[in-house]
Structures are given as C-alpha cells and as structure tokens.
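A.B. asks: Turn this into a structure:
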Amino acid sequence: MDTKGLVMVITGNGKGKTTSAMGMMLRCLGHNKKVCVIQFLKSADSGYGEIEMMNRLGVENYQAGAGCTWQVSAEATLETVERAWQLAKEKVHSAQYDMVILDEVNTAMQLPEKVGKQVIYPEQMIELIEKMRAEQPRLHLVLTGRYAKPEIMEIADLVSEINCVKHPFQLGVQAQRGIEF
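C.D. replies: Just a heads-up that it's a prediction; the model follows:
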C-alpha cells in the first residue's frame, strides 16, 4: 500500500490534544512503525503518565521544556524552546522515523505573549514542513497545542480543533492523575 506522509494539527482550548497524538503514536507502534515525541513545554520530572508509558514502550521521547510556562521564568522557557526546536529539526530531517510528534509546538510558537520574544516563526515551521515533504514524503508530522497559526493550518493535511464545552476544573476539581497528567 502506498502511503503519503501527513501533517496533522491538533489545536483548540479543550482537553485531549496530547491524548489524541498519543493515540496516533500507539497506532503507529501497533504497525511496527518508529515514532519520536518531543514535548516542547513539559519537563522530564513533570509526572505525566504518558512519559512513563512511552519509556515502557521504548518510544524515543524528549521532554525539552522547563515546565509550565506560568511557573518558570521567561528566560528558562526561551532557552528550552530554542533547544527543543533544534532537536525537532534534527529528528524530522533524520529519516529515522515514521512519525514525529511535536507536542505543544503550537503553543511554543505563541510564546511572544508570555516571554516577549519569538522563538519559532510560522515561516520556519512551513519551511520545515516543505523540506520534510520533499525529502521524506512518507513521514507523518503531528503538531499539537493551542493557538495553531492559520498559515500552518492552511498547509496541514488534517486539522482538528478540540473545544472545551465543560471541564471539571470549572467546578473547582483539581487536575487528576491519569486524566490531566
């Protein structure tokens, strides 16, 4: 079967963007495909359940973030996003994977509002996608996070927007293991 690599954007203000990407990761693994996951804002010591499972499953994964952007300094966030972007370009261009997931990269492209400096410009992401399509036409690229840029959504093959209709946090219920992290 001939396949085409897809660029998939999962965005919106609702819960489930990373969860959706992890589901695609599981499907790829189920077909003996190789996946790499780079989490732009999560840190390795963040306690997220998906990190533990990726490690158990042998999925190459990187938590390149300094932690939640509202809990760490702007400088720390900038440094880690810059390193994550370099790692992402390296992994996408390596021709070693069937799927690369850039978790929270859309949010990282929106950082000027938080840290006052642009790290990843939409033009750079478009350049990465175009080069990937030319050199690795079967590679799937998944971009998650809120605030996906319109120009990225325009060139993507698939865009899903997850919207929050109701969330227990609105009623004062705190984040729970196995649900939010």
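A.B. asks: For the protein, which segments are assigned as strands?
C.D. replies: Under the criterion DSSP state E, the chain contains strands at 7-11, 35-39, 60-63, 99-103, 140-144, 158-161.
A.B. asks: same for the third one, what does it pack against?
C.D. replies: Right, the one you point to is strand 60-63. strand 35-39, helix 49-57 (3 or more C-beta pairs under 8 Å, 6 or more residues apart in numbering; DSSP states H and E). In this view, the C-beta of every residue, glycine as well, is placed from N, C-alpha and C.
A.B. asks: now what about that strand, what contacts it?
C.D. replies: 34-39, 42-44, 46, 51, 54-55, 84, 87, 97 (C-beta atoms under 8 Å, 6 or more residues apart in numbering).
A.B. asks: what comes up buried for that strand?
C.D. replies: Neighbour counts over strand 60-63 (16 or more other C-beta atoms under 10 Å) mark 61, 62, 63 as buried.
A.B. asks: Quick check: phi and psi on the nearest residue to the last one once chain neighbours are set aside?
C.D. replies: By the measure of C-beta to C-beta, 6 or more residues apart in numbering, the closest residue to residue 63 outside its immediate chain neighbours is residue 44, 4.3 Å from it. The phi and psi values for residue 44, taken as degrees, to the nearest 10, are phi -60, psi -30.
A.B. asks: rewinding a little: of the strands of the chain, which approaches residue 117 most closely?
C.D. replies: strand 99-103 (19.4 Å; C-beta to C-beta).
A.B. asks: what's around residue 89, how many residues?
C.D. replies: Residues lying near residue 89 (other C-beta atoms under 10 Å) number 15.
A.B. asks: So it versus residue 124, what's the distance?
C.D. replies: 9 Å (C-beta to C-beta, to the nearest Å).
A.B. asks: Same question for residue 160.
C.D. replies: Distance of residue 160 to residue 124, given as C-beta to C-beta: 23 Å.
A.B. asks: Repeat that for residue 3.
C.D. replies: Taken as C-beta to C-beta, the span from residue 3 to residue 124 is 26 Å.
A.B. asks: who touches residue 109 in this structure?
C.D. replies: With C-beta under 8 Å, 6+ apart, residue 109 has these contacts: 119, 120, 121, 122, 125, 145, 147, 149, 152.
A.B. asks: Among these, which one lies nearest to residue 77?
C.D. replies: residue 119 (8.7 Å).
A.B. asks: That closest one: how many residues sit nearby?
C.D. replies: Residue 119: 19 neighbours (other C-beta under 10 Å).
A.B. asks: Alright, that wraps it up for me.
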